[in-house]
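Student: here is my input, please return the structure:
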Amino acid sequence: MAISKNRRTGFLTKNIDIVGFDDLNGKPGFQMAMQKANGHYYLYATSFRWNGINILDVTDPAHPKKIKWMEGFWADDSIHDGQSTPKMQLADGILVLAHGGTMDVLHGTPKGNTLPFWGGISIWDVKTDPENPKLLSKFHCGGGPGVHRFFYNGGRYIYVTGSCEGYAFFILRIIDIKDPTHPVEVGRWWADEQYLNNAPGGKLPPFGSKEFLNTPQLHACSYRDDIVYMAYQNVGLVLVDVKDRSNPTLIGKVGLNPPFGGGSGGARVHTVLPLGDLPYVLVSTEAERCYYFNGKEDGGMFGRLTTQPMNMLGIVEITDPKNPSLISVFPYPEVPEGYTHGKNFNLVDGLRVPFGPHNSFDAFGPDVYQKYNNRIYTAYFHAGLRVYDTTDVFNPKEIAYCITPDPEKPAFDNEDGTLMPGPLVGIAEDVLVDDRGYIYFDTANDGLYIAKCTV
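Tutor: I've put the predicted structure just below:
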């Protein structure tokens with residue numbers, strides 16, 4: 001189909017109409033959440049760099065209305081520059097926010113910040129007053145960088161990717177919020193190598209080291225029908241039975257890295273998402289933003305970039321959950337006519353960069369979100385928003401995309417340029433789809449785009 005340029009100049013789209021835009025107060029968004037209340041659609045967006053939440057009314061998607069930028073969460077100063085609050089989920093009027101620690105380069109954390117930090121999750125009431133979230137409680141995850149992600153789709157339990165005393169990096173921690181003002185851990189699961197008594201010298205490997213890269217750790221998880229599905233770096237897709245949440249037990253697993261992922265980029269297994277009620281699960285590895293690799297000899301955080309394993313979206317069949325199997329891999333994103341940065345996405349303006357998918361829409365469930373309808377929506381870094389048809393799970397097809405205009409200037413003010421160096425191109429970070437079919441995706445160095453698929 002013909003490529004169209006819509007509205008604001010510089011869009012490259014296929015089967016996508018741009019509906020609206022918001023600059024998010026100049027604070028680029030990261031993970032988003034939504035709720036429907038009092039006849040309004042409210043969108044909540046964390047920030048890639050700043051500790052805070054943008055709240056918008058998107059009842060009219062063509063004219064999103066700013067409600068507020070909310071920051072300064074704590075009177076006790078336990079959040080400060082050098083931390084991150086990049087992830088959130090919302091259901092049943094409860095908003096859960098992740099609090100990360102002082103890992104260098106993790107979602108905007110400046111290098112060298114040694115201030116104490118508080119790591120865990122905070123739990124907020126957004127049902128009583130959607131425009132003014134009220135803090136209900138906090139749950140602390142010690143022993144490391146706090147919390148990276150979690151899964152909360154309503155109900156009693158939050159499945160947390162959190163650090164823990166005595167364990168290396170992120171493990172699964174199951175938090176009971178029967179009383180949301182007093183969250184309680186009821187169970188946990190980890191890979192054997194993460195138990196520090198099993199580690200060499202009983203110590204964590206240095207962040208960014210080869211030992212760090214080869215250590216198992218949980219990146220993200222989803223839940224369906226008493227099973228937690230986990231994207232577990234250096235293990236693969238892992239299925240754990242949580243009927244008894246005090247004693248999670250391994251069901252099965254399938255390795256993904258190698259051959260996929262594991263290069264100089266991000267999470268070696270990033271996303272896992274059960275597809276409706278079907279015996280299939282979406283999985284992905286993560287590349288990274290091209291910004292980490294700006295042509296310097298050191299190649300950024302993990303060494304000089306020369307080659308990198310393929311990063312991918314794929315589908316795993318779990319008809320036999322004890323023996324999950326990778327059955328398909330999604331096609332390489334179409335490079336549109338008129339793309340000015342190269343002939344493919346692995347080279348940007350002649351610079352070899354890590355390339356692959358990032359977040360896929362994973363909030364199927366609450367009434368405000370679109371139910372799974374054989375479509376996958378993925379923020380694919382500098383390949384933009386990508387939409388896939390998975391009616392045939394053995395042959396997923398790309399049906400739509402949108403690459404946003406190059407940003408006019410960086411949104412990051414670090415002096416040495418290490419946080420976001422490199423080509424200034426549009427980078428899609430996160431995506432969600434509401435029950436009206438409107439697609440919301442945010443971008444590094446830019447704002448929030450609202451779109452609609454035309455097929």
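Student: my read is that residue 177 contacts residue 123, right?
Tutor: Yes - using CB atoms under 8 Å, residue 177 makes contact with residue 123 at a distance of 6.4 Å. C-betas here are computed from N, CA, C, even on glycine.
Student: name the residues that touch stretch 162-172?
Tutor: If you take CB atoms under 8 Å, 6 or more residues apart in numbering as the criterion, stretch 162-172 is touched by 101, 119-121, 141-148, 150, 159-161, 173, 188-191, 193-197, 199, 204-205, 212, 215, 217-219, 221, 228, 230, 240, 248.
Student: circling back to that earlier point, list residues touching both of residue 177 and residue 123?
Tutor: Common neighbours of residue 177 and residue 123, counting by CB under 8 Å, 6+ apart, are 94, 183.
Student: separation between residue 241 and residue 321?
Tutor: Using CB to CB, to the nearest Å, we find residue 241 at a distance of 9 Å from residue 321.
Student: and if you look at residue 154?
Tutor: On the measure of CB to CB, residue 154 and residue 321 end up 23 Å apart.
Student: how deep is residue 92 tucked in, by neighbour count?
Tutor: The tally of other residues near residue 92 (other CB atoms under 10 Å) stands at 16.
Student: around the closest residue to it other than its chain neighbours, count how many other residues there are.
Tutor: In this structure, residue 92 finds its nearest non-sequential neighbour in residue 154, 4.3 Å apart by CB to CB, 6 or more residues apart in numbering. Residue 154 sits with 14 neighbouring residues when counted by other CB under 10 Å.
Student: shared neighbours of residue 241 and residue 321, anything?
Tutor: In contact with both residue 241 and residue 321: 227, 251, using CB under 8 Å, 6+ apart.
Student: if we can go back for a sec, in helices, which of the contacts of stretch 162-172 fall?
Tutor: Using DSSP state H, the members of the contacts of stretch 162-172 that fall in helices are residue 212.
Student: can you show me the strands along the stretch 251-400 of the chain?
Tutor: Along the stretch 251-400 of the chain, counting by DSSP state E, counting those that start in this stretch, strands occupy 271-274, 280-284, 313-317, 325-329, 347-348, 351-352, 375-379, 385-389, 397-403.
Student: next, format those as a markdown table and append mean neighbour count.
Tutor: Formatted as a markdown table, the strands of the stretch 251-400 of the chain follow (neighbours: other CB atoms under 10 Å):
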| stretch | mean neighbour count |
| --- | --- |
| strand 271-274 | 24 |
| strand 280-284 | 25 |
| strand 313-317 | 22 |
| strand 325-329 | 15 |
| strand 347-348 | 16 |
| strand 351-352 | 16 |
| strand 375-379 | 23 |
| strand 385-389 | 23 |
| strand 397-403 | 22 |
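Student: pretty sure residue 10 sits against residue 404.
Tutor: Yes - between residue 10 and residue 404 a contact is recorded at 7.4 Å, counting by CB under 8 Å.
Student: so these two - more neighbours on which side?
Tutor: Between residue 10 and residue 404, residue 404 has the larger neighbour count (other CB under 10 Å), namely 26 against 14.
Student: quick one: contacts for the spatially most central residue of the chain?
Tutor: Taking CA atoms, centre = their mean, the centroid of the chain lies closest to residue 359, which sits 4.5 Å from it. By CB under 8 Å, 6+ apart, the contact list for residue 359 reads 31, 271, 378, 379, 429, 430, 431.
Student: just confirm the first one is within a strand.
Tutor: Yes - counting by DSSP: H, G, I helix; E, B strand; the rest coil, residue 31 falls inside a strand.
Student: nearest residue to it other than its sequence neighbours?
Tutor: Nearest non-adjacent residue to residue 31, counting by CB to CB, 6+ apart: residue 87, 4.6 Å away.
Student: model confidence for the one you found, exactly?
Tutor: pLDDT for residue 87: 91.
Student: report how many residues lie close to it.
Tutor: Residue neighbour count, defined by other CB under 10 Å, stands at 24 for residue 87.
Student: how near is it to residue 160?
Tutor: 11 Å.
Student: next: residue 317.
Tutor: Here the criterion is CB to CB. By it, residue 317 lies 27 Å from residue 160.
Student: what do you get for residue 246?
Tutor: Using CB to CB, we find residue 246 at a distance of 15 Å from residue 160.
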